[in-house]
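**Q** the following block contains a protein sequence and its predicted model.
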Number of protein chains: 2
Amino acid sequence: MAQAKSESPMRHPTVREVAALAGVSPMTVSRTLAGGKNVRPEVQSRVHEAVRQLDYHRNENARSLRGQRSGLIGVAITNLGNPYYGNFALGVEEIATQHGRRILLGNTDEDPVRERQLVADFVGRQVEGLILVPSGGDTSHLLQDVLRGTPLVLASRIADGLQADTVLLDDVGGAYRGTKVLLERGHRRIGYLGNVTSVFTEQRRFEGFERALSEFGLSPDPELVKRGQQDVETARHAMRTLLDLADPPTAIFSANNRNTIGALKEIGSRLDDASRRGALPSIVSFDNFELAEMMPVPVTVVDHDARELGRVAARMLFDRLTGSRPPGVVRRIEMPTPVWVARA
Amino acid sequence: MAQAKSESPMRHPTVREVAALAGVSPMTVSRTLAGGKNVRPEVQSRVHEAVRQLDYHRNENARSLRGQRSGLIGVAITNLGNPYYGNFALGVEEIATQHGRRILLGNTDEDPVRERQLVADFVGRQVEGLILVPSGGDTSHLLQDVLRGTPLVLASRIADGLQADTVLLDDVGGAYRGTKVLLERGHRRIGYLGNVTSVFTEQRRFEGFERALSEFGLSPDPELVKRGQQDVETARHAMRTLLDLADPPTAIFSANNRNTIGALKEIGSRLDDASRRGALPSIVSFDNFELAEMMPVPVTVVDHDARELGRVAARMLFDRLTGSRPPGVVRRIEMPTPVWVARA
DNA sequence: CTGTTAGCGCATTCAT
DNA sequence: ATGAATGCGCTAACAG
């Protein structure tokens, strides 16, 4: 049976050993592995044979020391467990692989301290570029002097007063159009569920919500606005409060996936009570979710493509790396947030 | 305004420059950064000041070249876009961070060739350990000779005839218990939806399905068994075929999340037709999904904790790295797959 | 076409 | 408590 027992790691073979086995100099091995320019085909095959025999792998760290590209891109996201960011990372990985780069991945858990450590470590590992979903707060670790010109792309959010290439969602537009769907259907008491107000996307989505209301001569009713829910349980609790109001909202705008799920769970728990059932609210959810069409209340979705967001972020980065973008001028892209009705 | 323009990357400062600025030798800088043993406190603060002033970051690649640990763990998973693997990666990252290691992440997309390339690259980058969800097929790139003792942990699946530490789900038991729920409720015509038969977990889940049936004197009805669906659309199509049978199944065992979603979407499209509505099947889903309790048919879930699976995989790896496990003996852990009723 | 020399940034070893 | 020399594995620059 094949063995993969974990013995104490032994030394990897080096160019020298390959060279010795192939009866050439280390330089010839290096050249062969670099593509074989100026090496006789016959010698090349001797080298390749030696490589195979020794299971030789070039030491990428040593190469990067010698001035070659490290081939590494640092990616720091806030929560890998969120499918949204999983897909984002997948999009980044896809483009990075196309460019022959590898991903160094870190989870910040929305913690600025972790973010700072991650970025510092990434820089120490000589990453060629950074892609970051900023956690907010201090941005001094992202300044040009610290990064020494390592290209940086921000995704989903901006970082406080920092000039950098950025890919955003059209948060404002999406929230605006989603809220408008409710208003056009005649809803006037619209509840709002959102994240903590310090989060950039939350601010923007609330702005879109407000904008749509004001077009109809309304403004957010403080009694109906619940912000600050970061997880499903607290979102559910906020929804409960709204539904238990003497005059509950007839519709809900939920500013993100976690709030939507919490809201729907609360609705689910009220399905049996036939007397209240008719009064259950419609929902507009910023962020799509699977099986939205099977919900017991009308659901409208403000959608977006996380994977494509990752691809775009990565492309912006490689535009810098390949020098196809002039330095100095910063780009900002907003990705579309189409609205569609999952269940009328 | 703070600047982070992406100038062409300039050289990072080195120990030498820090040393010069602090008026000491490079060695003193190195020692200070390594903890400060045998360096006068006063000198240490001079060094730290110089570090701050220059925004110095130790070059980790150079350190690893000099024989220090690379601090890198290679993680290769099949599909980051799947929330299941996103959470798995999160669990790995969590434990790795606790041990001061960083994650090199690759997506294999179920492609053995990509897997091979990734592993080769990881080895070239001197990873201290590998965590892999194997794609199947040839395993020669995972052999001891190739890895040179780099510890390897397999997750979710085994690799063809390869002896290595492995964390698995209790696929067989979960499928068995899930199927039994249906049988005990009196179902006798039970449909099966599953992945391609070459996938390890699919084989095991089908085995559990069969075992439960046989306990009731039944065996899988070829007409009711649909395997090979890898995505929601084909799963939905398979479900359609089952429901359109002259004598359709009264319940469905779905062997994974993608098949469950596809099956439910097909059910959703038949909700309006009141005449058929009563005939809609119950579902048992291997893999949990959000809002399962809100489905229009009874749903039972075979659950598991992807993040914990990642944690366990990482812990197995670090048990090797810290030498707290004797080499030679391979471990295999099966994680529990509790069954619960989401909606009766 | 091929080999030799030298040095990337760091830390181990051995001096002082 | 500090410094000088040395070499990790690799490849650019320069011979030949």
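**A** Happy to help now that I have it.
**Q** A:V297 contacts A:S282, doesn't it?
**A** Yes. Assessed by Cβ atoms under 8 Å, A:V297 is found in contact with A:S282 at 5.9 Å. Backbone N, C-alpha and C define where each C-beta goes, glycine included.
**Q** neighbour count: these two, which is higher?
**A** Per other Cβ atoms under 10 Å in any protein chain shown, whichever of A:V297 and A:S282 has more neighbours is A:S282, with 21 against 18.
**Q** and that one, what does it touch?
**A** Under the criterion of Cβ atoms under 8 Å, 6 or more residues apart in numbering or on different chains, the neighbours of A:S282 are A:L182, A:R185, A:H187, A:T250, A:A251, A:I252, A:V297, A:P298, A:V299, A:T300.
**Q** try 7 Å
**A** A:L182, A:H187, A:A251, A:V297, A:P298 (Cβ atoms under 7 Å, 6 or more residues apart in numbering or on different chains).
**Q** read off the pLDDT value for the fourth one.
**A** According to the per-residue confidence, A:V297 scores 94 in pLDDT.
**Q** now the first one
**A** You'll see A:L182 listed with a pLDDT of 97.
**Q** with the third one instead?
**A** In this model, A:A251 is scored at 97, pLDDT.
**Q** and stretch A:129-142, what's buried?
**A** A:G129, A:L130, A:I131, A:L132, A:V133, A:P134, A:S135, A:G136, A:T139, A:H141, A:L142 (16 or more other Cβ atoms under 10 Å in any protein chain shown).
**Q** okay, how far is it across stretch A:137-157, tip to tip?
**A** Stretch A:137-157 stretches 12 Å from its first residue to its last (Cα to Cα, to the nearest Å).
**Q** what residues does the stretch 201-344 of chain A have near chain B?
**A** By Cβ under 7 Å from any Cβ of the partner chain, the residues of the stretch 201-344 of chain A that approach chain B are A:261, A:264, A:268, A:289-291, A:293-296, A:307, A:320, A:327-328, A:330.
**Q** if we go to 8 Å?
**A** Proximity of the stretch 201-344 of chain A to chain B, by Cβ under 8 Å from any Cβ of the partner chain, involves residues A:261, A:264-265, A:268, A:271, A:289-291, A:293-296, A:307, A:320, A:323, A:327-328, A:330.
**Q** in which helix or strand would I find the residue of chain A found nearest chain B?
**A** As assessed by Cβ to the nearest Cβ, chain B sits closest to A:G86 within chain A, at 3.1 Å. Assigned by DSSP states H and E, A:G86 belongs to helix A:83-98.
**Q** packing partners of that helix?
**A** Here helix A:83-98 touches strand A:72-77, strand A:102-107, helix A:306-321, helix B:83-98, strand B:102-107, going by 3 or more Cβ pairs under 8 Å, 6 or more residues apart in numbering or on different chains; DSSP states H and E.
**Q** for that helix, buried residues please.
**A** Buried residues in helix A:83-98, counted by 16+ other Cβ under 10 Å: A:83-97.
**Q** stretch A:221-241 too?
**A** A:L224, A:V225, A:K226, A:R227, A:Q229, A:V232, A:T234, A:A235, A:R236, A:A238, A:M239.
**Q** show the average pLDDT along it.
**A** Mean predicted lDDT for stretch A:221-241 stands at 96.
**Q** chain A: strands as residue ranges?
**A** Counting by DSSP state E, chain A has strands at residues A:2-3, A:72-77, A:102-107, A:129-132, A:152-155, A:162-163, A:165-169, A:190-194, A:225-227, A:251-254, A:282-286, A:299-302, A:332-335, A:339-343.
**Q** which residues does the last one contact?
**A** To tie it back to what came earlier, the one meant is strand A:339-343. A:174, A:177-178, A:181, A:292-295, A:297-303.
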